[in-house]
Structure formats: C-alpha cells, structure tokens
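K.L.:
Structure for the following, please:
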Amino acid sequence: MSNSSSISHFLLLALPDTRQLQLLYFSFFLGISLAALLGNSLIISTTACGHHLHTPMFFFLLNLALTHLGSICTTVPKAMSSSLWDTRHISYAGCAAQVSLFFCLMSVEYFLLTIMRFDHYVSICKFLHYGTLLGSRACAHMEAAAWASAFLNALMHSQYLFPPPVPGQCPGPVLL
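P.N.:
Numbers count the residues shown, from 1 in each chain. Below you'll find the predicted structure:
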C-alpha cells in the first residue's frame, strides 16, 4: 500500500472570522477595484480616441493601462467573492492559474515601464533620431518582446511553484 496524498485546495487564512469585517473587506476591495477600473478605462478611452495621442509614449501607456486592468481583474474578484460568501478556499488549479497570470501581467508591466524609460531617454537625449528609433514597427516589436519574455518568465516560475503532479507524490514546490 503506497502513501498517496494530494492537495485539492488551499485555505485562505488571512480573511477575518467576523461577518462585519468580511463585509468591510468586500467594500474595500470593491472601492479599490472600481477606482482602478474607472482610472484605467479613462486612460484607455482617451488614448484610443485622441488621434493626436497616437505617439509611442501613449501607445505604451495604453498597453500599461490594459495590463494593469488585467492584473486587477485577476486577483480582486476571488478576494471579493471569498469575503462576501465566507469561503476560505481556492482550488489548486485556480491558485496556479491566478498566480501564473498575475505574474505574467506584472512582468509585462515591469517590461513596459522599462520600455517607457527608453522612450523618454530617446525623446530627450536623441530627439533628432526619435522618429527613426521609435517608429510604429519598433514599438510593436518592443511590445511583442515584452509579452513574450513575460510569458516565458511566468511559465518558468509557475513550473517551479506548481510542478506537474507525480503519481504517489504530493504536489508542491520543489525545495532544494
């Protein structure tokens, strides 16, 4: 007889026990997420509709707002539902998907901020070459490189944190 145990879900222990605090957490999460959704939606609509804002800086700002919107929509709904319905668990697959997607979106944000720093450097220090260095094709290539490297980075980290289950072994991170 072999010892085979598996993890089907994780417990969320940071949530309070009292119902009033759970509702306070829900309203706090709701307020923050609505403010972030409103702010990012305004950035997206202003940048997309304003034809004079179709420059590399605003292209990257638009993509930064989209990734920020995605990172909020990855984590906050589960926290809100857990505090509203008094549930304290998340499935193993749900946790793995949430961590992987959040890590990917955060990596994209960091890469976009780095690209935006490069854009500012070129616009200040090499302003005569700005049009040739940062054309629409170069911006699209940098954006694609940011997404591809963030996806690979998140894939490597999630494979380390959530390795594929081995029969007869408990899933979890590999500790060296």
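
K.L.:
so is Thr87 in a helix, a strand, or just coil?
P.N.:
coil (DSSP: H, G, I helix; E, B strand; the rest coil).

K.L.:
hang on, it packs against Ala79?
P.N.:
No - using C-beta atoms under 8 Å, Thr87 is not in contact with Ala79; the gap is 10.9 Å. For glycine as for every other residue, the C-beta is placed from the backbone atoms N, C-alpha and C.

K.L.:
residues in contact with Ile43?
P.N.:
Listed by C-beta atoms under 8 Å, 6 or more residues apart in numbering, the contact set of Ile43 reads 61-62, 65.

K.L.:
who has more neighbours, Thr87 and Ala79?
P.N.:
Neighbour count, other C-beta atoms under 10 Å: between Thr87 and Ala79, Ala79 has more, with 18 against 12.

K.L.:
residues contacting the more buried one?
P.N.:
Contact analysis of Ala79 by C-beta under 8 Å, 6+ apart lists 25, 29.

K.L.:
Please identify the helix or strand for it.
P.N.:
Assigned by DSSP states H and E, Ala79 belongs to helix 56-84.

K.L.:
Packing partners of the lengthiest helix in the chain?
P.N.:
Scanning the chain for the longest helix, with DSSP state H as the assignment, gives helix 92-125. When contacts are defined as 3 or more C-beta pairs under 8 Å, 6 or more residues apart in numbering; DSSP states H and E, helix 92-125 packs onto strand 9-11, helix 56-84, helix 130-133, helix 136-161.

K.L.:
tell me which residues in it are buried?
P.N.:
Of the residues in helix 92-125, 92, 95-96, 98-109, 111-112, 115-116, 119, 122 count as buried by neighbour count, 16 or more other C-beta atoms under 10 Å.

K.L.:
how big is the angle separating the helix holding Ala79 from helix 92-125?
P.N.:
150 degrees (axes from the mean of the first three to the mean of the last three C-alpha atoms, to 10 degrees).

K.L.:
the inter-axis angle of helix 56-84 versus helix 136-161?
P.N.:
Angle, helix 56-84 to helix 136-161, by the same axes, to 10 degrees: 30 degrees.

K.L.:
15 is where my numbering starts, stick with that
P.N.:
Done: numbering now begins at 15, and the last item shifts to helix 70-98.

K.L.:
I'd like the distance from helix 70-98 to the chain centre, please.
P.N.:
Averaging C-alpha coordinates over helix 70-98 and over its chain gives two centres that are 6 Å apart (C-alpha atoms, centre = their mean, to the nearest Å).

K.L.:
any idea of the mean pLDDT in that helix?
P.N.:
Helix 70-98 shows a mean pLDDT of 88.
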